[in-house]
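1. my questions concern the predicted model and sequence given below.
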Amino acid sequence: MPAADIAWLTPSPRLLTMRRLEAGVVAIVVAAALFAALAGTSLLAAAIAGAAALAAGAAAEVFVTRRVRAWGYAEREDDLFVRRGVLYARLSVIPYGRMQFIDVTAGPVERAFGLATVRMHTAAAASDARIPGLAAEEAARVRDRLAELGEAQAAGL
Amino acid sequence: MSDGGGGWRRLHPLSPVVRAGRGTIALFVVLAPALLGGRSFTDSYVQFAVVGVVFLLGFVSWLVTRWRIDGDDLRIETGLLKRQSLRYPLAQVQAIDIVRPGLARIVKVAELRLRMGGATGGTARLAYLNEREAEPLRDRLLALAHGGGDALDVTPDAGPGGTPAGDETVLASVPTGRLAASILVSDVGLAAEAVLTALIVTAFLAPAAAGGILGGGVAEVIAVGTLVWRRFNQEYRLTVAAADDGLRLHSGLVALNHETIRPGRVQAVRLVEPLLWRRLGWCRLEVDLAGHQKRKGEGEATRGQLRALLPVGRRADARALLEHVLPNAPRADRRPPRRVRAKSPLRYRFLAWGMSEQAVVTVSGRLRRVTVWVPLEKVQSFRLVEGPVQRRLRLASIHVDVAGRALHGSLRDRDRGEADRALGALVDRARAARRAQR
């Protein structure tokens, strides 16, 4: 698929903030816990363990950033394209007519950021297509548009 | 809801007995001492109470279950405390099976099983009906499933005709000897032989130890034996025939299965050539149908959604059958680039793909060669995946997703540029195929 002529849409920039914050909070909590647990025996060991946890967190930040940037979707005439993944780069092509139902979900953290995940289901178990981190109104728009297109092009099994 | 239509019907009164199946046999074993005397009835009143309750429950469940054909739907009502009213739209029927477990054959009843489509589609079971009733009803349901217009033509034919065996043309059948041989050299068969050989060897070397092993490993022996038996029982004398309403499959030694696969319901076709079978020039052809099938009860016809059309046969036979299921199937003649040998040394020998306007074919597998054909109008989605090793080698794989979870086609390890072009072509052709369908 020539990738050049596709107009990719990306998740909301708030998704990046959210994911980085998640990774950062986890790293800090782990570092603090390690430090507290080891501080009684040896202050040096505690400091090293804490620093290692923070370094791992910093690496995770980089990885998370690349992963979030890899997400993209494109609404084409007859099918939806979703790309994702850094290490394993994937591109899914889902014809609108094949979508059986579309979910919009938002967890507590996502809701705090005003984000939602749109998930497309086909009859195939293997085609797992989702777009995370859409702004709530964009998620609703995508869902309605996909449902509408799906209805117009619905194909039997 | 009212009985005003008069269409409500009950199942065969012996249904609970047959459904209890092996349980019934076990009951007789339990009761045998009491029945044969020796002990007075008062000693075994507990057993009798249990039997009484079981029969009562079975009878009640039969009493509260009824079914009718209501326009385009099959409706089943069941349950005493938790009343269920099930509605199965006939338009979504993928296939209708007639299943006859051993016990059912003795009392001359049969189960009608309607496999429904869709991700949530279940199976409507009418267990059990009178044997004579089952086939006309199957034909009538199939006719209704084809749509109103057809129903008018077909129903009068099938109704009085009873057994429609006359209008079938047999396409393929499996000789019993070959089936037995094929099971002997299959994975399950080899496992069974290994267990058996090990037992015999230990029996000669250390008879005492063999007794212990036999005692300890009874469950495993029975499990393996059951697998082998099930294979043999299901595929015994499997015959594929072409009829007006689709492909008919007949099989079974103790439990008889009759299935009808409606045209255009085949989601994918798979040809499997295991390592040992290839030497003998044998292969196995299976079709993937939409709809779920739970493994439950005696005489279950399949594992998952795959149906063996040809449990074992020559390549030419398989080709001929394939032509029936998927006319003008493409040949897999596009080989992967040589550098794939480094990444997938075992798979490299087999990897290939091909496509026509109607279908795509992919070949893969490490020891056994697996060829999958997918009609393009049935494709649910495509996925292009590029892993870390593949990126270094400038390779990518395309997965062709089919309804359900039984099968999917994969164009593994293609050149990156070729994969891009192939994905574009596949997406375009799939779109055209879907349009042509509609």
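-> Done, it's in. Note that the structure is predicted; figures quoted are calculated from it, not measured.
2. in three-state terms, label residue B:128 for me.
-> strand (DSSP: H, G, I helix; E, B strand; the rest coil).
3. tell me if I'm right that residue B:312 and residue B:174 touch.
-> Yes - with contact defined as Cβ atoms under 8 Å, residue B:312 counts as touching residue B:174 (6.2 Å). To be clear about C-beta, it is placed using only N, CA and C from the backbone, and glycine gets the same treatment.
4. quick one, which of these two is more surrounded?
-> Neighbours per residue (other Cβ atoms under 10 Å in any protein chain shown) separate residue B:312 from residue B:174, with residue B:312 holding more: 25 against 21.
5. tell me the contacts of that one?
-> Neighbour list for residue B:312: B:174, B:178-179, B:182, B:277, B:282-284 [criterion: Cβ atoms under 8 Å, 6 or more residues apart in numbering or on different chains].
6. find the residue at the geometric middle of chain A.
-> Of all residues in chain A, the one closest to the mean position by Cα atoms, centre = their mean is residue A:132, 4.2 Å from it.
7. hmm, residue A:11 and that one touching each other?
-> Yes - Residue A:132 lies in contact with residue A:11 (Cβ under 8 Å); the separation is 6.2 Å.
8. identify the contacts common to these two.
-> Common contacts of residue A:132 and residue A:11 (Cβ under 8 Å, 6+ apart): A:71, A:115.
9. picking that back up, which among the contacts of residue B:312 end up buried?
-> If you count burial by 16 or more other Cβ atoms under 10 Å in any protein chain shown, the buried members of these come out as B:174, B:179, B:182, B:277, B:282-284.
10. now do the SS call for the residue nearest to the centre of chain A.
-> Assigned by three-state DSSP, the conformation of residue A:132 is strand.
11. give me the number of residues near the nearest residue to it once chain neighbours are set aside?
-> Once flanking residues are discounted, residue A:132 sits nearest to residue A:117: 4.5 Å by Cβ to Cβ, 6 or more residues apart in numbering or on different chains. Counted by other Cβ under 10 Å, the residues lying close to residue A:117 total 18.
12. what bridges to residue A:117?
-> Residue A:117 forms beta bridges with residue A:105, as assigned by DSSP bridges.
13. mind splitting chain B into its structural domains?
-> B:175-235, B:326-438 (automatic domain parsing).
14. out of these, deepest packed?
-> Mean neighbour count (mean count of other Cβ atoms under 10 Å in any protein chain shown) peaks for domain B:326-438 among those, with a mean of 19.
15. now find how far off-centre it is within its chain.
-> 25 Å (Cα atoms, centre = their mean, to the nearest Å).
16. before we move on, what about stretch B:261-269?
-> Distance, stretch centre to chain centre, for stretch B:261-269: 13 Å (Cα atoms, centre = their mean).
17. that one near chain A at all?
-> Yes - judged by Cβ under 8 Å from any Cβ of the partner chain, stretch B:261-269 comes into contact with chain A at B:265, B:267.
18. pretty sure residue B:411 is touching residue B:355, no?
-> No - taking contacts as Cβ under 8 Å, residue B:411 lies outside contact range of residue B:355: 9.3 Å.
19. what touches both of those two?
-> By Cβ under 8 Å, 6+ apart, the residues touching both residue B:411 and residue B:355 are residue B:422.
20. and the residue lying closest to residue B:98 once chain neighbours are set aside, which of the three is it?
-> Closest residue to residue B:98 apart from its sequence neighbours, by Cβ to Cβ, 6+ apart: residue B:258 at 4.0 Å. At residue B:258, secondary structure determined by three-state DSSP is strand.
21. tell me the contacts of residue B:258?
-> In this structure, residue B:258 makes contact with B:97-99, B:135, B:138, B:248-250, judged by Cβ under 8 Å, 6+ apart.
22. follow-up on the earlier one: tell me the one of the buried ones among the contacts of residue B:312 nearest residue B:233?
-> residue B:179 (10.7 Å; Cβ to Cβ).
23. hey, where'd the helices end up in chain A?
-> For chain A, the helices defined by DSSP state H occupy A:13-39, A:43-70, A:108-112, A:136-153.
24. closest to residue B:387 out of those?
-> Set against residue B:387 and scored by Cβ to Cβ, these come closest in helix A:43-70, at 14.1 Å.
25. so, in contact with chain B or not, the closest one?
-> No - Helix A:43-70 stays clear of chain B (Cβ under 8 Å from any Cβ), getting no nearer than 11.6 Å.
26. buried residues in that helix?
-> A:46, A:49-50, A:53-54, A:57, A:60-61, A:64, A:68.
27. so can I have a markdown table of those residues showing pLDDT?
-> Output for the buried residues of helix A:43-70, formatted as a markdown table (pLDDT from 0 to 100):
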| residue | pLDDT |
| --- | --- |
| A:46 | 90 |
| A:49 | 91 |
| A:50 | 91 |
| A:53 | 93 |
| A:54 | 93 |
| A:57 | 93 |
| A:60 | 93 |
| A:61 | 94 |
| A:64 | 94 |
| A:68 | 94 |
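28. follow-up on the earlier one: can I get the buried ones among the contacts of residue B:312 in CSV including pLDDT and distance to chain A?
-> Listed next are the buried ones among the contacts of residue B:312 as CSV, based on pLDDT from 0 to 100; distance: Cβ to the nearest Cβ, whole Å:
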residue, pLDDT, distance to chain A
B:174, 86, 29
B:179, 88, 31
B:182, 87, 29
B:277, 89, 27
B:282, 91, 29
B:283, 93, 25
B:284, 92, 22
